[in-house]
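**Student:** the sequence and its predicted three-dimensional model are supplied below.
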Amino acid sequence: MQDDDATQEMLSLVLEEPDHWAMFLDIDGTLLNLAPTPDAIEVPEALPGQLHRLSNKLGGALALVTGRSLAYADELFKPFAFPTAGLHGAEIRNASGMQTVEATAEFQALKHALTTEAEHYPGVLIEDKGAAVAAHYRLAPEYEKILEERMHHYAELAGPNWALQLGKMVFELRPARSSKGDALERFFQSDPFKNRCPITIGDDLTDESMFAIANARGGVSVRVGAIGAPSCATSRLSSSALVRNVIAALAA
Ligand SMILES: O=P(O)(O)OC[C@H]1O[C@H](O[C@H]2O[C@H](CO)[C@@H](O)[C@H](O)[C@H]2O)[C@H](O)[C@@H](O)[C@@H]1O
Ligand SMILES: [Mg+2]
């Protein structure tokens, strides 16, 4: 299912039975257009309020599920503080409170070594996310191969508590203990998510684990972007703009 059909499906499902559904939304490339650098993203002025109204319609069962840190996600959508899973599922704020992850001294040293090494790769940006770190090559695609090799090396150094996460023009080291799919299961343990059916929308490899949970629970999974990348999502929306149209229509 694509664009018009996928949009129509989500609108009718949620508007007809708002008490039945829970929505799980990725941020970069899904709610927001991709930008040249991590901090260059723009949050459309109306979006935080629309998400808030939609969340109210769903009885609070709307969560952000992102590779960003929880604190960064909160900044983007303030003054609202939605239930959120950050660092690809490793951090979570749900009804049970907030769980974050601390970087160990060894991981701090690793981030320092990576940042120093990246000075030799002009245009490569290192994003320090606390217990995760991202090496972005969007501005310097010529370094993709070397960066991939080096990030495999740093992943080995980091040990089994960290995993290498591939993304859009980025290699990340993230806490290995939890994926976005695991985060969904944790949301489902308590209200307002308990006993609801998931609608998941995401654009990247990291979102596949939440699509799998949505499919297994009889829900809806939507991958954003052009057809091409293999995905277990059952529907497609070709752009973040279309995602925001769905959010606006559901919030109205
Ligand atoms: O799970 P998400 O909410 O989609 O976060 C995934 C990563 O998004 C960010 O990087 C990506 O978006 C940047 C801004 O558009 C872009 O410049 C970059 O090339 C993309 O990879 C973010 O910086 C990462 O920390 C997130 O893990
Ligand atoms: Mg994304």
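**Tutor:** It's in. Residues are numbered from 1 along each chain as shown. Ligands and ions are numbered 1, 2, ... in the order given.
**Student:** if I look at the residue nearest the centre of the chain, how far off is Lys180?
**Tutor:** Computing the C-alpha centroid of the chain and ranking residues by CA atoms, centre = their mean puts Thr66 first, at 2.5 Å. Per CB to CB, to the nearest Å, Thr66 is found 8 Å from Lys180. For every residue, glycine as well, the C-beta is placed using N, CA and C.
**Student:** cool, and Arg186?
**Tutor:** For Arg186, the distance to Lys180 - CB to CB - is 11 Å.
**Student:** same check on Ala46?
**Tutor:** From Ala46 to Lys180 the distance is 26 Å (CB to CB).
**Student:** higher neighbour count, the two?
**Tutor:** Remark: of Ala46 and Lys180, Lys180 carries more neighbours, 27 against 12, as counted by other CB atoms under 10 Å.
**Student:** who's in contact with that one?
**Tutor:** Asp26, Val65, Ala85, His88, Gly89, Gly202, Thr206, Asp207, Ser209, Met210 (CB atoms under 8 Å, 6 or more residues apart in numbering).
**Student:** which one of those residues is nearest to Met98?
**Tutor:** Nearest to Met98 among the contacts of Lys180, counting by CB to CB, is Ala85 at 10.9 Å.
**Student:** the closest one contacts Ala63, doesn't it?
**Tutor:** Yes - with contact defined as CB atoms under 8 Å, Ala85 reaches Ala63; the gap is 6.7 Å.
**Student:** shared neighbours of the two, anything?
**Tutor:** Phe187.
**Student:** now the helices for the chain?
**Tutor:** 3-16, 47-57, 70-77, 105-118, 144-158, 180-187, 208-216, 240-251 (DSSP state H).
**Student:** what angle separates the second one from helix 240-251?
**Tutor:** Right, the one you point to is helix 47-57. Comparing the axes of helix 47-57 and helix 240-251 via axes from the mean of the first three to the mean of the last three CA atoms, to 10 degrees yields an angle of 50 degrees.
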